[in-house]
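Asks: My questions concern the predicted model and sequence given below.
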Amino acid sequence: MPALNVEFSDRELEDLRQIAKERGTSMKALVREAAAADIARHRALKEGAEAFRSFFTTHAEEFAAAFPEDESPARGEAA
């Protein structure tokens, strides 16, 4: 399995040791869990943003009618 060396300050390392001890897990498992959670959060945000863009595109005319003050002037129109 590929690995990654990560450097921490002395304070960060001590904090990680303490948290791992409190949770009854290893530091390696703690750091891996944190990274995996961040990856999952990042994926969910990307998927959510794509779902929003798709929904907005599909309903663009409805949004334009409901919020005309938010519409950009058409090309060639004075602002």
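Replies: Yep, it's here.
Asks: hey, let's count contacts and neighbours off CA atoms from now on
Replies: Will do.
Asks: need the helix or strand of this protein with the lowest average pLDDT.
Replies: helix 60-66 (a mean of 92; mean pLDDT, DSSP states H and E).
Asks: which strands and helices sit next to it?
Replies: Of the remaining helices and strands, none touches helix 60-66 by 3 or more CA pairs under 8 Å, 6 or more residues apart in numbering; DSSP states H and E.
Asks: who's in contact with it?
Replies: The set of residues external to helix 60-66 that reach it, using CA atoms under 8 Å, 6 or more residues apart in numbering, is 56, 70, 71.
Asks: quick one: buried residues of that helix?
Replies: Buried positions in helix 60-66, judged by neighbour count with 16 or more other CA atoms under 10 Å: none.
Asks: what packs against the strand or helix carrying residue 46?
Replies: According to DSSP states H and E, residue 46 maps onto helix 27-58. Helix 27-58 sits against helix 10-23, with contacts defined as 3+ CA pairs under 8 Å, 6+ apart.
Asks: Can you spell out which helices and strands pack onto the helix it packs on?
Replies: Using 3+ CA pairs under 8 Å, 6+ apart, helix 10-23 sits against helix 27-58.
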